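Undergrad: Sequence first, predicted coordinates after that:
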Amino acid sequence: MTTGVGLCVGDDRATAVVAAPGTELRTLELPSIISTAPDGTVRLGEPDADATDIVRNVLSRVGEPEGIDYAGTMTRAEDLVATALFCLFRDAAQGLTGEVRVTATHPAGWDADAVAALRESLDYMGLTDADLISDAEALLAANVAEEPAASGAASGDEADEPGSDETRIAQGAALIAAGSALTAAATDADTESIPPLPGAAHTAYSAVLPEALGATAGSGPVAIGTDQAPASAAFPGTTPTRKPDRRPLYVGAAAAAALMLSGALIATALQVRGSTEVPEIRDGAVASTRSAQPVPRGPVSFPTVTPQQITTAPPTTSEYIPPPPPPPPVVVTTTEALPPPPPPPPPPPPPPPPPPPPVETTTPPATTDPTPDPPDEDDGEDGEDGEDDGAVDTGPTTDQNS
């Protein structure tokens, strides 16, 4: 269900009515005074003691070209009315959930320019989905719904209090927004623009119905055995069917035949015109037409053919031998040559041998043989030898001993 909110701003009071499904109408009334709080919030109602930019009676000043002095600037009265409607909706819509529709009203005496200006201001304030109707339409919807009558009976003389008109207008706008009432445009809708269609006449087997036969009783006797019946024998309430006109069909068939005939004539003319005559040859030699007599010939002996048996070799089937698998890849391993170890250090030189012990040498005394040797036989021949032999051996020398 849809919750409807109706808004109405007057010169003295502003009223909002909430029509929620399953509940009674809730009304909010505030003075039509716009003010600005110290924190910058724009409010509608009785201003606080420290409020600024207080504006009253904005509805009656709509249409003034000079505007209204508000917050130090000249502002259109339509913009201030839209501001009042926005503040009124903000206060009335607190706590509402679900789908909410808004209908705002304006005086019925406004011209189209004022209504367009208010519509533009509402769109600027964020109320683009709000419907804008006149207060007369809202009041009519409230009267049709009879909601104000019930509320007036319960509250006594509340209708005589100031602001009762704004309340009823807001109630009608809320009912229109909630879909519980229709606007004047909706109630005045022309439902007779589409003429009703006549009922279909059931003419099947109408010739044997007794009603059809009874209808023809007063029109005179009906000839039995005739092919045609009088016009009054038709089923009552029906219209005799009209025989369809087939003349367009005949005209189309004749046109198609004419086209085919003209096409055939054109094709024949092209064939006759396209044939070429063969020229007569007068200078050429005419060959003789006499034929030579056939020469009789003897029988022709055909050589006999002996059938030979042809042996066909059986088809050779070649067996597919798959190629040998490729050799495995050669894995080349590279070994890093290590440098040869360094040669060992040379051994230390051997110690020098100890010096040999000193050798004491003694020289024997020389001895002389007093007896001379006898001379040899060869002494005379070999004088040199005798000299040699006469040498005295003095013994070993010091060098030999060493």
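TA: Okay, I see it.
Undergrad: Okay, A264 and D12: tell me how far apart.
TA: From A264 across to D12, the span is 98 Å (C-beta to C-beta, to the nearest Å). Heads up, the C-betas are built off the backbone N, CA and C, glycines and all.
Undergrad: These two - which one has more neighbours?
TA: Using other C-beta atoms under 10 Å, the more surrounded residue of A264 and D12 is D12, with 13 against 10.
Undergrad: Can you give me the neighbour number for the closest residue to the more buried one other than its chain neighbours?
TA: Using C-beta to C-beta, 6 or more residues apart in numbering and skipping residues adjacent in sequence, the residue nearest D12 is S32, 5.9 Å away. For S32, the neighbour count with other C-beta under 10 Å is 23.
Undergrad: my read: S32 touches L44, true?
TA: Yes: S32 lies in contact with L44 (C-beta atoms under 8 Å); the separation is 7.5 Å.
Undergrad: Which residue ranges of the chain form helices?
TA: Using DSSP state H, the helices assigned to the chain run over residues 77-92, 112-125, 135-145, 147-155, 164-178, 184-187, 210-215, 247-274, 383-389, 398-401.
Undergrad: Need those helices in TSV (columns: mean pLDDT and distance to T23).
TA: Output for the helices of the chain, formatted as TSV (pLDDT from 0 to 100; distance: least, C-beta to C-beta, whole Å):
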stretch	mean pLDDT	distance to T23
helix 77-92	92	14
helix 112-125	92	27
helix 135-145	87	16
helix 147-155	50	13
helix 164-178	87	11
helix 184-187	54	24
helix 210-215	46	60
helix 247-274	82	70
helix 383-389	45	179
helix 398-401	45	161
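Undergrad: Quick check: which of these is buried the most?
TA: Ranked by mean neighbour count, the helices of the chain are led by helix 164-178 with a mean of 27 (mean count of other C-beta atoms under 10 Å).
Undergrad: could you dump that one to CSV, C-alpha only?
TA: Provided in CSV are the C-alpha atoms of helix 164-178 (Å, rounded to 0.1, in the frame of the first residue of the first chain):
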residue,chain,number,x,y,z
SER,A,164,-9.9,24.5,8.5
ASP,A,165,-9.9,25.1,4.8
GLU,A,166,-6.2,24.3,4.6
THR,A,167,-6.8,21.1,6.6
ARG,A,168,-9.6,19.9,4.3
ILE,A,169,-7.4,20.8,1.2
ALA,A,170,-4.5,18.9,2.7
GLN,A,171,-6.8,15.9,3.5
GLY,A,172,-8.0,15.8,-0.1
ALA,A,173,-4.4,16.0,-1.4
ALA,A,174,-3.4,13.2,0.9
LEU,A,175,-6.2,10.9,-0.3
ILE,A,176,-5.3,11.6,-3.9
ALA,A,177,-1.6,10.8,-3.2
ALA,A,178,-2.6,7.5,-1.4
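Undergrad: quick revisit: how far away is the residue nearest to D12 from P328?
TA: When distance is defined by C-beta to C-beta, S32 is 104 Å away from P328.
Undergrad: Likewise for Y320?
TA: Distance of Y320 to P328, computed by C-beta to C-beta: 24 Å.
Undergrad: Could you do I266 as well?
TA: Distance of I266 to P328, given as C-beta to C-beta: 85 Å.
Undergrad: before we move on, what about P346?
TA: 52 Å.
Undergrad: Also V144?
TA: From V144 across to P328, the span is 104 Å (C-beta to C-beta).
Undergrad: next one: P38
TA: For P38, the distance to P328 - C-beta to C-beta - is 96 Å.
Undergrad: of the two, who's got more company?
TA: Counting neighbours by other C-beta under 10 Å for P38 and for P328 shows that P38 has the greater number, 9 against 6.
Undergrad: Which stretches in the chain count as strands?
TA: Ranges of strands within the chain are 3-9, 13-19, 26-31, 33-36, 42-44, 52-56, 68-70, 73-75, 100-106, 131-134, based on DSSP state E.
Undergrad: can you pull the contacts of the residue nearest to F86 when sequence neighbours are not counted?
TA: Counting by C-beta to C-beta, 6+ apart, F86 lies nearest to M125, which is 4.5 Å off, once chain neighbours are set aside. With contact set as C-beta atoms under 8 Å, 6 or more residues apart in numbering, M125 has these partners: 82-83, 85-86.
Undergrad: same thing but at 10 Å, please
TA: Residues in contact with M125 (C-beta atoms under 10 Å, 6 or more residues apart in numbering) are 79, 82-83, 85-87, 89.
Undergrad: ok, those vs P341, which is closest?
TA: Set against P341, the nearest of those by C-beta to C-beta is F86 (102.7 Å).
Undergrad: Distance check, the closest one against P351.
TA: Distance from F86 to P351, by C-beta to C-beta: 126 Å.
Undergrad: I266 too?
TA: Relative to P351, I266 is positioned 145 Å away (criterion: C-beta to C-beta).
Undergrad: Kindly report the same for W110.
TA: 142 Å.
Undergrad: Give the residue spans of the stretch 251-400 of the chain that score low on pLDDT.
TA: 272-318, 332-337, 359-400 (pLDDT under 70).
Undergrad: and what of the stretch 1-150 of the chain?
TA: For the stretch 1-150 of the chain, the ranges with pLDDT under 70 are 146-150.
Undergrad: can you rerun that using 80?
TA: For the stretch 1-150 of the chain, the stretches with pLDDT under 80 are 1, 145-150.
Undergrad: returning to that earlier point: just want to know which of W110 and P351 has more residues nearby.
TA: W110 (17 against 6).
Undergrad: Just give me the neighbour total for the nearest residue to that one once chain neighbours are set aside.
TA: If the residues on either side of it in the chain are set aside, W110 comes closest to V62, at 7.1 Å by C-beta to C-beta, 6+ apart. Using other C-beta under 10 Å, V62 has 19 other residues around it.
Undergrad: Wait, V62 touches L80, no?
TA: Yes: using C-beta atoms under 10 Å, V62 is in contact with L80, at 8.9 Å.
Undergrad: Overlap in contacts, these two.
TA: Joint contacts of V62 and L80 (C-beta under 10 Å, 6+ apart) are I68.
Undergrad: Excluding chain neighbours, what is closest to M1?
TA: Closest residue to M1 apart from its sequence neighbours, by C-beta to C-beta, 6+ apart: P21 at 3.5 Å.
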